[in-house]
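K.L.:
would you be able to build a 3D model of this:
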Amino acid sequence: MRISELSLKAGVPLTAVKYYQREGLLPEGVRSAPNQVQYGDAHVRRVRLIRALLETGGLSVAATKNVIASLDADGESLAETFSVAQHAMSTPRTAESVPSDESRQRIVETATSHGWAFLPENPGITAAARALDGLRAIGFDPPQPYLAAYAVAASTVAAADLKALDTREGADAVAELMVVGTVLGDPLFAGLRRLAHEDATHTLRPTPDTK
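P.N.:
As a prediction, the model looks like this:
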């Protein structure tokens with residue numbers, strides 16, 4: 001297929017496809033004539049992946065390149081690819097504060113108490129610790145049951161993420177779902193949490209009209 005057909009099949013504007021090429025995100029097609037290049041289904045899949053990472057996931061071009069390079073690397077394990085995706089998600093869009101040692105320690109202790117196996121450089125520690133610092137800044141020091149509830153929910157979601165990989169066939173498909181799921185899992189969880197917040201508000205703190 002030509003690049004215009006690739007654009008239509010992937011559901012991505014032609015200008016975006018050409019931009020992906022210029023940025024080195026999309027591999028070249030096969031030149032079938034001096035002025036004609038052919039693309040295949042693998043390109044369609046890659047364009048959709050790039051769009052998910054850049055537009056929906058909000059990753060930078062540089063972070064997206066790192067994720068794609070990990071997917072294309074021969075012999076790289078799923079754990080290594082997953083680590084690349086996690087670090088891509090933690091790449092700051094703006095300057096962010098360095099979390100306190102106290103908050104980092106609380107997050108590590110919470111994760112350890114649930115029997116989790118993790119590396120000390122996991123970016124989730126920094127992200128969660130920064131959130132704790134923010135809560136403390138408004139005078140709320142989260143009690144352990146509060147953190148434990150989040151940990152239980154995180155365990156449930158993580159298990160669902162890994163179970164979903166069983167529905168994919170082929171190493172490439174598994175790796176793609178893991179990467180995109182890592183990037184889009186955060187907004188998915190946040191959106192459902194907001195819906196649950198509204199439901200819990202009606203149930204636990206009803207207004208006089210809703211009692």
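
K.L.:
report all helices and strands that the host helix or strand of Ile50 contacts.
P.N.:
Using DSSP states H and E, Ile50 sits in helix 41-51. Packing partners of helix 41-51 (3 or more C-beta pairs under 8 Å, 6 or more residues apart in numbering; DSSP states H and E): helix 3-10, helix 14-22, helix 61-72, helix 171-204. Bear in mind the C-beta positions are built from the backbone N, C-alpha and C, glycine included.

K.L.:
out of these, which comes closest to Glu80?
P.N.:
helix 61-72 (6.8 Å; C-beta to C-beta).

K.L.:
give me the most central residue, the protein.
P.N.:
Nearest to the mean C-alpha position of the chain, by C-alpha atoms, centre = their mean, lies Val183 at 1.3 Å.

K.L.:
could you dump the helices and strands packed on helix 41-51 to TSV with mean pLDDT and distance to Ala42?
P.N.:
Output for the helices and strands packed on helix 41-51, formatted as TSV (pLDDT from 0 to 100; distance: least, C-beta to C-beta, whole Å):
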stretch	mean pLDDT	distance to Ala42
helix 3-10	90	11
helix 14-22	92	14
helix 61-72	82	11
helix 171-204	83	9
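
K.L.:
hmm, Ile50 is touching Gly24, no?
P.N.:
No: between Ile50 and Gly24 there is no contact, the gap being 10.9 Å when judged by C-beta atoms under 8 Å.

K.L.:
looking at those two, which one has more neighbours?
P.N.:
Ile50 (25 against 11; other C-beta atoms under 10 Å).

K.L.:
and the pLDDT at that one?
P.N.:
For Ile50, the pLDDT comes out at 86.

K.L.:
residues contacting it?
P.N.:
By C-beta atoms under 8 Å, 6 or more residues apart in numbering, Ile50 lies in contact with Tyr20, Leu25, Leu26, Thr64, Ile68.

K.L.:
now, among those, which is nearest to Ala129?
P.N.:
Nearest to Ala129 among the contacts of Ile50 is Thr64, at 26.0 Å by C-beta to C-beta.

K.L.:
go ahead and confirm that closest one touches Leu53.
P.N.:
Yes: between Thr64 and Leu53 there is a contact under C-beta under 8 Å: 4.7 Å.
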